[in-house]
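K.L.:
Fold the following and give me the result.
(chains A and B)
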Protein chains: 2
Amino acid sequence: MVKAVEWVNGKVRLLDQSKLPHEVSFIDCEDFVMVADAIRSLKIRGAPAIGIASAMGLALAAQQTEVKGVDELKGRLEEVARVFLSTRPTAVNIQWAMQRMLRVVEDGKDLSVDDLKQRLIEEAKAILEEDIEVNRAIGIWGASFIRDGDTVLTHCNAGSLATGGYGTATAPILVAKEQGKNVRVIATETRPVLQGARLTTWELMQAGVDVTLITDNSAGAVMRRGLVDLCIVGTDRTVLNGDVANKIGTYTLAVLARENGIPFYVAAPLSSIDPTIESGELIPIEERPAEEVTTIRGVRIAPEGVKVLNMAFDVTPARYITAIITEKGAFRPRDIRKLFLEGLNISEVRL
Amino acid sequence: MVKAVEWVNGKVRLLDQSKLPHEVSFIDCEDFVMVADAIRSLKIRGAPAIGIASAMGLALAAQQTEVKGVDELKGRLEEVARVFLSTRPTAVNIQWAMQRMLRVVEDGKDLSVDDLKQRLIEEAKAILEEDIEVNRAIGIWGASFIRDGDTVLTHCNAGSLATGGYGTATAPILVAKEQGKNVRVIATETRPVLQGARLTTWELMQAGVDVTLITDNSAGAVMRRGLVDLCIVGTDRTVLNGDVANKIGTYTLAVLARENGIPFYVAAPLSSIDPTIESGELIPIEERPAEEVTTIRGVRIAPEGVKVLNMAFDVTPARYITAIITEKGAFRPRDIRKLFLEGLNISEVRL
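P.N.:
Below you'll find the predicted structure:
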């Protein structure tokens, strides 16, 4: 399985995703600035992956900081954290990772500087390991929905490259394969940024999974032809009423799946569920630059001056979603309210 | 309005669509071989447009043929017709245009060679004029469904560039504009070949129509946001039960439109209705090369060796289609049977 980020010989090794699928090259970050630059320039992307990379970047900064005491180290690392937070200002995972790493410093005031530096490496590695464990657990729950011989349609890249390993939407596929099931994948190319064509196909080919690329336009026709047994997608944010914000085009796939009687699953770590937002209508949708649509890898494909509407995400209403697959089990979207407001245990709503 | 093909000063002038939207250049074809080459190399495309171009190409060949009598001219033009038929072997419009032009020769056996050559020019021009008239009539019927201030979503290019003028799906938009209605268009980019991004946006901008480009993935989100009042698409072939074969992605749009309560119209010259095929399930769907998906204007966007499924068309079942708009009026898809098998008049089923 592909590794997007690793701690190797005291350095942070990143797979340079901006060069995929044309070239597989790794960046061995010698200092935290290299890690921050890689995040900023999208050499590494995917919410969990950049959280892990920023944590490792902070641990790396700690190793290279010459300080007299823990207080001085704390001050320096707070500065480093600010640099990481500025790389992708809306990335919740970086905020979460920085808070967790700085808490280690806070809790380690009585340690020696050297011991604290070691603790920070351990914490960053733990963040990576925990992410892999969460995803593998999603995979185990999700694999129960995949029968031998099934074809899974997925969208965008919610794969190993976006996480510490296994991915979220791809985890059930990889676990089903580990279980000896014959499983095939149809990957939508995912315009405008083509994460499906560039990344998902590549990482599944690396993992030995039988994957077929289609244009986003073909999803309806392949479903209607009976070529898809189930859909699994990731999510950027899932809210209290079970609505799901994910890459643009997800709503379209969910509508097509329901129309064709195909189950539609959303793989979501519990951390991606935001019960403070009542409904999908309230999730702000980022509009991105026209150039993402009018040019592809630098080549212009539309007239100069054409108006463009480029929404990065869309919202899929809960009624189209068969189940949300988390690391603690799969449940119906409407049960999010029961879990987060009524205090039910997941075992009480699990499918 | 943009002209894809014209007879100018004894030559056939084609707009070179392979260079659009980056460069607007015309090809003045000096002989029929240039016309055939332009059709073969997709410098001109669109079923009606290549029918017209091939008719004009045959008229051009007639002018440049030194023959002693009408019989010799007939033999030569039959050879020329074979050349045009070989350029796009499945293009029904070329077959139809060649038959019509050769019938002029057949019917003109008593004319002088010079008079017959003149008749062929007139016939080719008539084919162009009739196409424009048919499209304008589609436009007049279709414009009745467009209210002042409406936004129309269209797919691929069923526009002026694909026809003699007005286009089919674009005709209602252009006529509504002529009628003084405020009408806006959302054009889907239409992967893999990007006819929407390259051609539809360009020709509508030329015609002064307010057009916004979106990725195919965005169609669901823009419909759900209430940004689309109606959809109008073209068709390659419409069959007896009202099912419609059109560019891949049309089925998806029709499903999304119904889900969002948006009328979905198909603009179809009566000549594109094929009552000899009972149902859309029986329409053969062309699969095209993987390279159309894995490269965009020569730039590779997917891993080497990835499997690809690239269907050129899909079939939209009649139940998703609000009405078929023809040059004789608009009617429900289920009424095709009444028109073609039960002998009803269009005025009896017209909406």
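
K.L.:
What's the biggest helix in chain A, counting residues?
P.N.:
Across chain A, the longest stretch assigned as helix under DSSP state H is helix A:113-143.

K.L.:
Check which helices and strands it is in contact with.
P.N.:
When contacts are defined as 3 or more C-beta pairs under 8 Å, 6 or more residues apart in numbering or on different chains; DSSP states H and E, helix A:113-143 sits against strand A:5-8, helix A:47-63, helix A:70-87, helix A:92-107, helix A:171-178, strand A:264-267, strand A:323-326, strand A:329-331. Heads up, the C-betas are built off the backbone N, CA and C, glycines and all.

K.L.:
Which positions in that helix come out as buried?
P.N.:
Burial within helix A:113-143, assessed by neighbour count using 16 or more other C-beta atoms under 10 Å in any protein chain shown, is assigned to A:113, A:116-121, A:123-125, A:127-128, A:131-132, A:134-143.

K.L.:
If you count contacts, what does whatever helix or strand comes next after that helix end up packed against?
P.N.:
Stepping forward along the backbone from helix A:113-143, the first helix or strand reached (DSSP states H and E) is strand A:151-154. For strand A:151-154, the helices and strands in contact under the criterion 3+ C-beta pairs under 8 Å, 6+ apart are helix A:171-178, strand A:184-188, helix A:219-224, strand A:230-233.

K.L.:
Tell me if the helix or strand following the last one is near chain B.
P.N.:
Moving toward the C-terminus from strand A:230-233, the first helix or strand encountered (DSSP H and E) is strand A:237-239. No. Counting by C-beta under 8 Å from any C-beta of the partner chain, chain B is not contacted by strand A:237-239; separation bottoms out at 15.4 Å.

K.L.:
ok so, going back, would CSV of the helices and strands packed on helix A:113-143 with distance to chain B, mean neighbour count and mean pLDDT be doable?
P.N.:
What follows is the helices and strands packed on helix A:113-143, written out as CSV (distance: least, C-beta to the nearest C-beta, whole Å; neighbours: other C-beta atoms under 10 Å in any protein chain shown; pLDDT from 0 to 100):
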stretch, distance to chain B, mean neighbour count, mean pLDDT
strand A:5-8, 21, 20, 98
helix A:47-63, 20, 28, 97
helix A:70-87, 26, 17, 96
helix A:92-107, 22, 18, 95
helix A:171-178, 15, 24, 98
strand A:264-267, 13, 26, 98
strand A:323-326, 20, 26, 98
strand A:329-331, 24, 22, 98
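
K.L.:
Is it possible to get CSV of the ones you listed that adds distance to B:Gly234?
P.N.:
Listed next are the helices and strands packed on helix A:113-143 as CSV, based on distance: least, C-beta to C-beta, whole Å:
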stretch, distance to B:Gly234
strand A:5-8, 48
helix A:47-63, 41
helix A:70-87, 46
helix A:92-107, 44
helix A:171-178, 38
strand A:264-267, 30
strand A:323-326, 39
strand A:329-331, 42
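
K.L.:
Of all those, which one is nearest A:Leu282?
P.N.:
When the helices and strands packed on helix A:113-143 are compared by C-beta to C-beta, helix A:92-107 sits nearest A:Leu282, at 16.2 Å.

K.L.:
avg pLDDT for the longest helix of chain A?
P.N.:
Along helix A:113-143, the predicted local confidence has a mean pLDDT of 98.

K.L.:
Tell me the secondary structure at the residue of chain A most remote from its centre.
P.N.:
Counting by C-alpha atoms, centre = their mean, the extreme residue of chain A relative to its mean C-alpha position is A:Lys68, 38.5 Å from that point. Under DSSP: H, G, I helix; E, B strand; the rest coil, the three-state class of A:Lys68 is coil.

K.L.:
Could you list every helix and strand in contact with the helix or strand where A:Glu292 lies?
P.N.:
Secondary-structure element containing A:Glu292, defined by DSSP H and E: helix A:291-294. Counting by 3+ C-beta pairs under 8 Å, 6+ apart, the packing neighbours recorded for helix A:291-294 are strand B:210-214.

K.L.:
packing partners for the strand it packs on?
P.N.:
Packed against strand B:210-214 by the contact rule (3+ C-beta pairs under 8 Å, 6+ apart) you find helix A:291-294, strand A:307-308, strand B:184-188, helix B:201-206.

K.L.:
can you do 7 Å?
P.N.:
strand A:307-308, strand B:184-188, helix B:201-206 (3 or more C-beta pairs under 7 Å, 6 or more residues apart in numbering or on different chains; DSSP states H and E).

K.L.:
C-alpha coordinates for that strand, CSV please?
P.N.:
What follows is strand B:210-214, C-alpha atoms only, in CSV (Å, rounded to 0.1, in the frame of the first residue of the first chain):
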residue,chain,number,x,y,z
ASP,B,210,-24.7,35.1,-21.5
VAL,B,211,-23.1,31.7,-21.0
THR,B,212,-21.4,30.1,-18.0
LEU,B,213,-19.2,27.1,-18.2
ILE,B,214,-19.4,24.3,-15.6
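
K.L.:
What lies in contact with it?
P.N.:
For strand B:210-214, the external contacting residues (C-beta atoms under 7 Å, 6 or more residues apart in numbering or on different chains) are A:293, A:302, A:306-309, B:184-189, B:197, B:201, B:204-205, B:222.

K.L.:
Likewise for stretch A:324-331?
P.N.:
In this structure, residues lying in contact with stretch A:324-331 by C-beta under 7 Å, 6+ apart are A:134, A:137-138, A:141-142, A:172, A:238, A:265-270, A:323, A:333, A:346, A:349-351.

K.L.:
Let's verify A:Asn241: helix, strand, or coil?
P.N.:
With three-state DSSP as the basis, the three-state label of A:Asn241 is coil.

K.L.:
I'd guessed it sits against A:Ser279; true?
P.N.:
Yes. Assessed by C-beta atoms under 7 Å, A:Asn241 is found in contact with A:Ser279 at 4.8 Å.

K.L.:
the more surrounded of these two?
P.N.:
Neighbour tally, A:Asn241 and A:Ser279, criterion other C-beta atoms under 10 Å in any protein chain shown: the higher count belongs to A:Asn241, 19 against 14.

K.L.:
gap between the more buried one and A:Asp274?
P.N.:
In this structure, A:Asn241 and A:Asp274 are separated by 11 Å, where distance is defined by C-beta to C-beta, to the nearest Å.

K.L.:
next one: A:Glu259
P.N.:
Counting by C-beta to C-beta, the separation of A:Glu259 from A:Asp274 is 28 Å.

K.L.:
One more: A:Ala219?
P.N.:
When distances are taken as C-beta to C-beta, A:Ala219 and A:Asp274 turn out to be 27 Å apart.

K.L.:
picking that back up, looking at the helices and strands packed on strand A:151-154, which is nearest to B:Ala91?
P.N.:
Taking C-beta to C-beta, helix A:219-224 is the member of the helices and strands packed on strand A:151-154 nearest to B:Ala91, at 22.3 Å.

K.L.:
Pull up the residues of the stretch 151-300 of chain A that are close to chain B.
P.N.:
Within reach of chain B by C-beta under 7 Å from any C-beta of the partner chain, the stretch 151-300 of chain A has these residues: A:189, A:191-192, A:194, A:197-198, A:201-202, A:205, A:211-222, A:224, A:248-249, A:251-252, A:255-256, A:259, A:293, A:296-297, A:299-300.

K.L.:
my read: A:Leu14 touches A:Val5, true?
P.N.:
Yes. Contact status for A:Leu14 versus A:Val5: in contact at 5.5 Å, counting by C-beta under 7 Å.

K.L.:
intersection of neighbour lists for the two?
P.N.:
With contacts defined as C-beta under 7 Å, 6+ apart, the residues shared by A:Leu14 and A:Val5 are A:Ile44, A:Ala53.

K.L.:
I'd like the secondary structure assignment at A:Glu23, please.
P.N.:
Here A:Glu23 is recorded as coil under three-state DSSP.
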